[in-house]
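S.K.: No letters, just coordinates:
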């Protein structure tokens, strides 16, 4: 039975990483050992769990069914280990936090630095997965995200700005009021090619619809495209900080304010957080409260 459970845990890791080598690295075993575990599991069940090609692994129908059960098994085992740590009142094990590289370097690492030094048995795993993140499947304890309408614990406010390269602004018509944007190229961050931009200047509010020919789900790619002169981009001040400081991108309509974002800590179930995640959230809240 133990060997079968071990095989399911290895199988879940292979699917999560999309490769035998990725699972081997996470589990601290050889790639051949991973392959043997999967082979034994398939022989025991009498079905193929994975379709193998030179490019990637894909799940069979049976594999997809087993994967969900394997995930639940791994999660239950991790919760059991966390329960032991909580009973001992220790801050130990692995804390998995998902966020962007900019948030990690600007906020997360400075906030947790002293705490990590005090708890040598605690390991911090910072995951940068952007929009592809699945909090449950990726076993995330906390996710730090920028949101317009915060759904978790609000930590701090972050402004948004419109930006373009100096070269772009020299080539095209001047922009002095929001309606001037209608004749300009936009770079969209997200899934939609059109967006309503909301501005406020004093007590006056403005709304304009813009369309984009270039669309990406990566904020860093959108900023890079803008820096190369492909159009105007809306970005958080945090993500755009380096571009603004270097002069690669400059603010557009700086006297018109866009809605602010909220840096939020999100968890799957706040009431069931392990001790280490609860303490981390307390530290982050206190850090931003200062």
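M.R.: Structure's in. What do you need? Predicted model only: the values in this text are computed from it and were never measured. Numbers count the residues shown, from 1 in each chain.

S.K.: Can you tell me how far residue 188 is from residue 222?
M.R.: Per CB to CB, to the nearest Å, residue 188 is found 7 Å from residue 222. Quick note: C-beta positions are derived from backbone N, CA and C, even for glycine.

S.K.: quick one: which of the two has more around it?
M.R.: residue 222 (27 against 21; other CB atoms under 10 Å).

S.K.: quick one, helices of the stretch 51-200 of the chain?
M.R.: 61-87, 101-103, 109-118, 166-171 (DSSP state H, counting those that start in this stretch).

S.K.: Show the secondary-structure elements that the second one is packed against.
M.R.: Helix 101-103 sits against helix 237-246, with contacts defined as 3 or more CB pairs under 8 Å, 6 or more residues apart in numbering; DSSP states H and E.

S.K.: returning to that earlier point: between residue 188 and residue 222, what contacts are shared?
M.R.: 214, 216 (CB atoms under 8 Å, 6 or more residues apart in numbering).

S.K.: Contact partners for residue 244?
M.R.: Neighbours of residue 244 in contact, by CB under 8 Å, 6+ apart: 161, 163, 237, 250, 251.

S.K.: same thing with residue 208?
M.R.: 178, 179, 181, 182, 196, 197, 199.

S.K.: rerun at 10 Å
M.R.: 177, 178, 179, 180, 181, 182, 195, 196, 197, 198, 199 (CB atoms under 10 Å, 6 or more residues apart in numbering).

S.K.: Residue 104: which of those residues is nearest?
M.R.: Distance to residue 104 across the contacts of residue 208 (CB to CB) is lowest for residue 195, with 26.9 Å.

S.K.: Apart from its chain neighbours, what residue comes closest to the closest one?
M.R.: residue 210 (5.8 Å; CB to CB, 6 or more residues apart in numbering).

S.K.: Tell me the secondary structure of that neighbour, please.
M.R.: Per DSSP: H, G, I helix; E, B strand; the rest coil, the secondary structure class of residue 210 is strand.

S.K.: burial measure for it, as a count.
M.R.: Residue 210: 20 neighbours (other CB under 10 Å).

S.K.: So which of the contacts of residue 208 are in strands?
M.R.: Judged by DSSP state E, those include 195, 196, 197, 198, 199 as members of strands.

S.K.: distance of the nearest residue to the third one once chain neighbours are set aside from residue 261?
M.R.: Excluding the flanking residues, the one nearest residue 197 by CB to CB, 6+ apart is residue 208, at 5.4 Å. In this structure, residue 208 and residue 261 are 19 Å apart, going by CB to CB.

S.K.: ok, now residue 218?
M.R.: Distance from residue 218 to residue 261, by CB to CB: 17 Å.

S.K.: Show me the strands in the stretch 1-150 of the chain, by range?
M.R.: In the stretch 1-150 of the chain, the strands defined using DSSP state E, counting those that start in this stretch lie at 50-52, 57-59, 93-98, 122-127, 142-147.

S.K.: mind listing what the last one pairs with, with the direction of each?
M.R.: Note on strand 142-147: by DSSP bridges, its sheet partners are strand 93-98 (parallel), strand 261-266 (antiparallel).

S.K.: ok, which pair from the contacts of residue 208 is furthest apart?
M.R.: Going by CB to CB, the pair spanning the contacts of residue 208 furthest: 177 and 195, at 18.1 Å.

S.K.: more crowded one of these two?
M.R.: residue 195 (16 against 13).

S.K.: Which pLDDT value goes with the more buried one?
M.R.: pLDDT, residue 195: 87.

S.K.: give the contact list for it.
M.R.: 186, 188, 189, 208, 209, 210, 211, 212, 234.

S.K.: wait, which of the strands of the stretch 1-150 of the chain is closest to residue 73?
M.R.: Between these, strand 57-59 lies closest to residue 73; by CB to CB that is 16.6 Å.

S.K.: just checking, what packs against that closest one?
M.R.: Where contact means 3 or more CB pairs under 10 Å, 6 or more residues apart in numbering; DSSP states H and E, strand 57-59 is packed against helix 2-17, strand 50-52, helix 61-87.

S.K.: ok, residue 151 touching residue 135?
M.R.: No. Taking contacts as CB atoms under 10 Å, residue 151 lies outside contact range of residue 135: 11.6 Å.

S.K.: Settle it for me: which of those two has more neighbours?
M.R.: The residue with more neighbours, out of residue 151 and residue 135, is residue 135; 15 against 10, by other CB under 10 Å.

S.K.: Tell me who's in contact with that one.
M.R.: Contacts of residue 135 (CB under 10 Å, 6+ apart): 96, 98, 141, 142, 143, 266, 267, 268.
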